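Novice: Need the 3D shape of this:
(one chain, ligands or ions: 1)
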Amino acid sequence: MTVLGIFPQLLLYISATLVSLFLCTYVYFSYSFTYWKRKGAPYLKPKFPLGNNDCFGAESLSYGLETVDWYKEAKEKGHKIVGTWNYSNPVLLLIDPEVIKNVLVKDFNHFTDRDFFHNPKHDPKNESIFVAENEEWRQLRQRLSPVFSTAKMRVMFELVNKCAAPMMQLFESYSQSVDPMDIKDVVAMFTTDVISCVAFGLDAGSFNPHEAKFRLIGRKFFESNLKTKMHLIIGRINVKVAQFLGMRVIPDFLTNFFTEVIAENARFRQENNVRKADLMQLLLDLYESSKGQDDPFTFDNFVGNVIVFFLAGFDTSSTTMQYALYELARNPDLQEKTRVEIETVLKKHGGHLTYESFQDMTYLRQVIDETLRLYPPVQNVARFCVKPYTFKGTNVTVEKGVSIVIPLVALGRDPDHYPDPERFDPDRFSSQNKDSINKFAYIPFGEGPRNCIGKRFGLMQASIGLIEILKTFKITISSKTKMPLKLKRGVFLMQPVDKLYVNATKI
Ligand code: HEM
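Specialist: Got it, this is the predicted structure:
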C-alpha cells in the first residue's frame, strides 16, 4: 500500500481517537457537573468545558475576577455558600462572613491546605511554605514566623528605606520631563530592589537597565508562557494527572537563577564570615542550625522559600502602591491630607523617617487599608478541604480535596458591608469607624493561622515607598491613562487592563 493509500485510514483513526477523547472528557465533565446537586448544595449552572469561568484564566495561579459575578448571583439568591465549577473541578464559594470565619479560623483544622498546584516529586526546589501541606506546613510556618517578627521589621526598616533612593531619582527625572510615568513599572522596580536587598543582601539595581536581572526575572514570571498556562489548566482539571506528567508552575529559568544566587551568596558569607541583618541570613542560620536534625530545613527548602518570598513580596506590595497612588491622584484633597500628615509626623520626629515615625502615620495606614479593600492584590483566598466538613446550619458536607474560595474583591465591594462601595474613602478605616466593618468582610491578607506571613513587611515597604514619593512629589493622572479603570479578568493578582500613567510634579 502506498503512503497516499494509508492516509485516509490514518485520518479515520485520528478522527475516531479525537472523537472518543472528546466524548470521554464530555462524560467526565457532565458527571462532575452533578457534584453540588448530589451534595444538596445551592449551585450556579456550569457550562462545558469552563464550568463557571467566563475565560480560560490560564495566566492565573488561582481564581480571578469571575468570582465577583458568582458572588453577586449567589447573594441575590440569598445563599451563604454556593457551588461552582472551575473547569470540571467543584469549588465552593463562601458568601457569608460567619462561614468564612469558621473556615479560616474556628474549623481551620479541616482547611489547613491551600488550593494551589504544586509537584513535590518533580519540583522539590519549589516546595515552600505557600504550597506545603498540613504537618509539613505547620513546621515551616513555625520555623519561618520569627523571620517576620516586629523586632526583625525594625531592623529591616533601614534597609528598605535605603532602597527608595534610586526610585526618587527616577521620579526627579520624570518631574523634569513631559513623559508620563508607568507607575506600576516604577514602583515594582522599588519593591524588587527591596526584596532582593532583604532576601539576598544584594543590590538588584532594578533602576539600572544594564543590571536589572531580578526585575526581568520577576516580570517574565508574571507574564507566564504557554507551557505554564497548559500546566495550570491541567493542574486544575486533575491534580494527580498533572503531577504524574511532571508538570510544574515555577519555570526552570527562575528556579535555576535563584538556586545559583542563593548558593553563591551563602558560600560567600560562610567563607568570608560575613553576617547581615537580612532575611537571607535568618534562613541561612535556620539551614545551618537544623543540619543533623530528624527533619532538617534543607537546601531545597531554603531555595523554595526564598523564591516564594521574592514572588509573593514584590508584586503584591507594588500593586498596592500602584492603586494607592492612582486613587490619591484622582482625589487631590485626600492626597494633600496624607502629605500633611507625613510632614507633621516627620517634623515631630526630627525630620527622620524611622520605624516609630512610620507607625504614627495613621491616615496613611487608612489610605492603604482602603486601597486594599477596593484593590486586594490577591483577589481570592483559596483552601483545600483536608477532612470532611459539614457547614453549620446546612446539610452540605464537603469531603477531602474540595476547593473552597473566599472572594476578597467581591466582599470588599459589597454595599451591604461598605455603603457606596466604589467611593475611595479612607475614613471607613478611621479609629471611630473601623469597628463597624465586619472583620471577615475585610481580609486582604487572609486570616487565621495560614494568613499572609509577610503582612507586616508588605505594609512597611508599601508605606515607606508612598511616604518618600508623597513628601516630595504631587501626583496627578496623566491624560495617557484610559479612564475609567478596567480590571483584567482571568488573572491571579489584580491588574488593570491598560497601564496607569501618572505625572509627578516636585513640590
Ligand atoms: C501588600 C502586600 C501583600 C498582600 C496584600 C498579601 C496577601 C496575601 C494573601 C491574601 C495571602 C493568602 C492568605 C491566606 O490564604 O489566608 C498571602 C500569603 C502569603 N504571603 Fe502575602 N501579601 C503581601 C505581601 C507579602 C510579602 C511582602 C511576603 C514576603 C516577603 C509575603 C509572603 C506570603 C507567604 C509566604 C504567604 C503564604 C503563607 C502560608 O501559607 O503560611 N506576602 N499573602
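Novice: Can you name the residue of the stretch 301-450 of the chain nearest to the ligand?
Specialist: Gly446 (1.9 Å; C-beta to the nearest ligand atom). C-beta coordinates here come from the backbone N, C-alpha and C atoms, glycine included.
Novice: Need the nearest residue in space to that residue, chain neighbours excluded.
Specialist: Spatial nearest neighbour of Gly446, excluding adjacent residues (C-beta to C-beta, 6 or more residues apart in numbering): Val381 at 4.8 Å.
Novice: Would you mind listing what in this protein touches the ligand?
Specialist: 114, 129-130, 141, 308-309, 312-313, 316-317, 320, 377-378, 381, 444-447, 450-454, 457-458, 462 (C-beta under 6 Å from any ligand atom).
Novice: Report the separation between the residue lying closest to Asn102 once chain neighbours are set aside and Ile81.
Specialist: For Asn102, ignoring the flanking residues on the chain, the nearest one in space by C-beta to C-beta, 6+ apart is Lys392 at 6.4 Å. Per C-beta to C-beta, to the nearest Å, Lys392 is found 10 Å from Ile81.
Novice: about what we covered before: measure how buried the residue of the stretch 301-450 of the chain closest to the ligand is and give me the count.
Specialist: 20 (other C-beta atoms under 10 Å).
Novice: likewise Gln176?
Specialist: The number of residues packed near Gln176 is 10, by other C-beta under 10 Å.
Novice: try the one 10 residues further on
Specialist: Taking other C-beta under 10 Å as the criterion, the count of residues near Val186 is 23.
Novice: Please apply the same query to Lys162.
Specialist: Neighbours of Lys162 using other C-beta under 10 Å come to 14.
Novice: for Ser175, same thing?
Specialist: 16.
Novice: Give the full set of residues in contact with it.
Specialist: For Ser175, the contact set (C-beta atoms under 8 Å, 6 or more residues apart in numbering) comprises Phe473, Ala504, Thr505, Lys506.
Novice: among those, which two are most distant?
Specialist: The span of those, defined through C-beta to C-beta, is set by Ala504 and Lys506 at 7.4 Å.
Novice: The ligand versus the nearest residue to Val194 once chain neighbours are set aside, what's the distance?
Specialist: Setting aside the residues directly before and after it, Val194 is nearest to Cys163 in space (C-beta to C-beta, 6+ apart), at 4.6 Å. Cys163 sits 13 Å away from the ligand when distances are taken as C-beta to the nearest ligand atom, to the nearest Å.
Novice: Then Tyr63?
Specialist: From Tyr63 across to the ligand, the span is 12 Å (C-beta to the nearest ligand atom).
Novice: so that residue, which of the three states?
Specialist: Three-state assignment for Tyr63 (DSSP: H, G, I helix; E, B strand; the rest coil): coil.
Novice: now the residue nearest to it when sequence neighbours are not counted, which residues is it bridged with?
Specialist: Closest residue to Tyr63 apart from its sequence neighbours, by C-beta to C-beta, 6+ apart: Asn380 at 4.5 Å. Note on Asn380: beta-bridge partners Pro407, judged by DSSP bridges.
Novice: Asn380: what's it in contact with?
Specialist: When contacts are counted by C-beta under 8 Å, 6+ apart, Asn380 touches Ser62, Tyr63, Gly64, Thr67, Val405, Ile406, Pro407, Leu408, Val409.
Novice: just checking, the residue nearest to Val194 touches Leu202?
Specialist: No. In this structure, Cys163 is not within contact of Leu202 by C-beta atoms under 8 Å, at 11.3 Å.
Novice: Comparing those two, which shows the higher neighbour count?
Specialist: Cys163 (26 against 17).
Novice: How much space separates the residue nearest to Asp96 when sequence neighbours are not counted from Asp435?
Specialist: With sequence-adjacent residues excluded and distances taken as C-beta to C-beta, 6+ apart, Asp96 is closest to Lys80, at 3.8 Å. For Lys80, the distance to Asp435 equals 23 Å [C-beta to C-beta].
Novice: higher neighbour count, the two?
Specialist: The neighbour comparison of Lys80 against Asp435 (other C-beta under 10 Å) goes to Lys80, with 19 against 7.
Novice: Now do the contacts for that one.
Specialist: Leu94, Ile95, Asp96, Glu98, Val99, Phe391, Gly393, Thr394.
Novice: same thing but 10 Å
Specialist: 42, 74, 94-100, 391-394, 396 (C-beta atoms under 10 Å, 6 or more residues apart in numbering).
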